[in-house]
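Undergrad: okay, here's the prediction I keep looking at, along with the sequence it came from:
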Amino acid sequence: MSSNSLLWWGIAGVVLMLAELIIPGGIVVFLGAACLIVAAALWLGLISGIAQAFTLWFIASIVLLLAFRQVTQKLVGGDSHVDNTDEELDIYNQVAVVKQTIGPGEQLGRVNFQGADWPALGDGSQIVAGSRVRVVCRENIALVVEPLAETD
């Protein structure tokens, strides 16, 4: 390959590494570093041809990503907050207020839960409006609730 290819790989490497400042995440810098490795290999005469250059770039990118991504994440940090992905656990045992009488039987009512009105099913008994209830689970778009004891 010509020295022109060497120049393009070097420019691509520098541009990608600088792009890390705009697109943070610790990935683009490794792609740029792989470009510089290809430019160095071309300059040293270790590879020639576009197929070898792209093969080396691909392999170097993967190796750099696998080897150093964890290191850069520890140094730079980032958002490591993980929310609960099971909504059922988030709503279980929470308190809601009955807005429209629930029951008797399987008659739907409405509750106010976390600032929003939800359709609600009860335990079969009648739960009157204004009562406080405990959320047991969610069934489709309705909350399944049970009346709170007076001591709760």
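TA: Everything's here; your move.
Undergrad: just checking: what are the partner strands of the helix or strand hosting residue 135?
TA: Element membership of residue 135 [criterion: DSSP states H and E] is strand 132-139. In the sheet, strand 132-139 lines up against strand 95-100 (antiparallel), strand 142-147 (antiparallel) (DSSP bridges).
Undergrad: for residue 6, find the nearest of these.
TA: strand 142-147 (65.5 Å; CB to CB). Any C-beta I mention is one placed from the backbone N, CA and C, and that applies to glycine too.
Undergrad: who's in contact with the closest one?
TA: If you take CB atoms under 8 Å, 6 or more residues apart in numbering as the criterion, strand 142-147 is touched by 91, 96, 98, 102, 108, 111, 113, 118-123, 125, 127, 131-138.
Undergrad: quickly find the element holding residue 7.
TA: Going by DSSP H and E, residue 7 is part of helix 3-19.
Undergrad: so which elements touch that helix?
TA: Helix 3-19 sits against helix 28-44, helix 50-76, with contacts defined as 3 or more CB pairs under 8 Å, 6 or more residues apart in numbering; DSSP states H and E.
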